[in-house]
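*Asks:* What shape does this take:
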Amino acid sequence: MTLLLEQERRLICRFGRKLIEDRLIRGTSGNLSLLDRLTGLVAISPSGLDYLKMTPDDIVVVDLDGRVQDGTRKPSSELPLHRVLYQNRADIAAVVHTHSTFSTVLSCLGWDLPAVHYMLTPAGENVRCSRYATFGSAALAENALEAMTDRHAVLLANHGLVAAGPDLAAAYATAAETEFCAELYWRSRCVGQPNILDHTEMEKMAILFKSYGQK
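*Replies:* Numbering: from 1, shown residues only. As a prediction, this is how the structure comes out:
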């Protein structure tokens, strides 16, 4: 029997395991989703399941109103966050939410992440920290959307990191590079005042990144 959004479900399982392997989450924290804009359906990781044991059958398919269309599991508690981003950002078709250590440290301090390294470019000129709200709430989703204006990542205050992109590989890469830059920023702040790339340089990086890598 063919699963609804079977390819998307398999990708979520694959990248969910990578979250554990790359130490971007611990236990069952964090979540991922993929939007199929042709059908308006979202495949999202289930709430509280071990990523290393997760199978495509465990992934939940919902519509953009949050109604379950396929799957027997309870969807991630952060479904409102994923829905708000998809409903308001036409450039986003994948979302990755992590509790990665250094991004979460900055979020607990209420700090934005400045351009300490050019690899922050896929996320944006900087990564803002949103206003605090309870996990899984509509307020958290709206605060994240606001702080993520013109960006592809946001720090959730006292919570973690959200990264997004046109596909799951891009969203995952943005999450990983943002965490790398968060660690650089924290470690450099421990011994001095890091040099921050200015607006002009980050604009140049944005242009260069468009032709970076293989087509």
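
*Asks:* which residues touch stretch 129-144?
*Replies:* Outside stretch 129-144, the residues that touch it by C-beta atoms under 8 Å, 6 or more residues apart in numbering are 77-81, 83-85, 106-107, 110-113, 146-148, 154-159, 162. Using the backbone N, CA and C atoms, a C-beta is placed for each residue, glycine as well.

*Asks:* now that stretch: mean pLDDT?
*Replies:* Averaging pLDDT along stretch 129-144 yields 98.

*Asks:* where does Ala144 land in three-state SS?
*Replies:* Three-state assignment for Ala144 (DSSP: H, G, I helix; E, B strand; the rest coil): helix.

*Asks:* Number of residues surrounding it?
*Replies:* By the criterion of other C-beta atoms under 10 Å, Ala144 has 27 neighbours.

*Asks:* now do Met119
*Replies:* Neighbourhood size, Met119 [other C-beta under 10 Å]: 18.

*Asks:* now swap in Ser45 and tell me
*Replies:* By other C-beta under 10 Å, 31 other residues sit near Ser45.

*Asks:* Could you do Ile196 as well?
*Replies:* Ile196 has 13 nearby residues by other C-beta under 10 Å.

*Asks:* Run through the residues that contact the nearest residue to it once chain neighbours are set aside.
*Replies:* Spatial nearest neighbour of Ile196, excluding adjacent residues (C-beta to C-beta, 6 or more residues apart in numbering): Pro114 at 4.7 Å. Shown in contact with Pro114 (C-beta under 8 Å, 6+ apart): 126, 185, 196.
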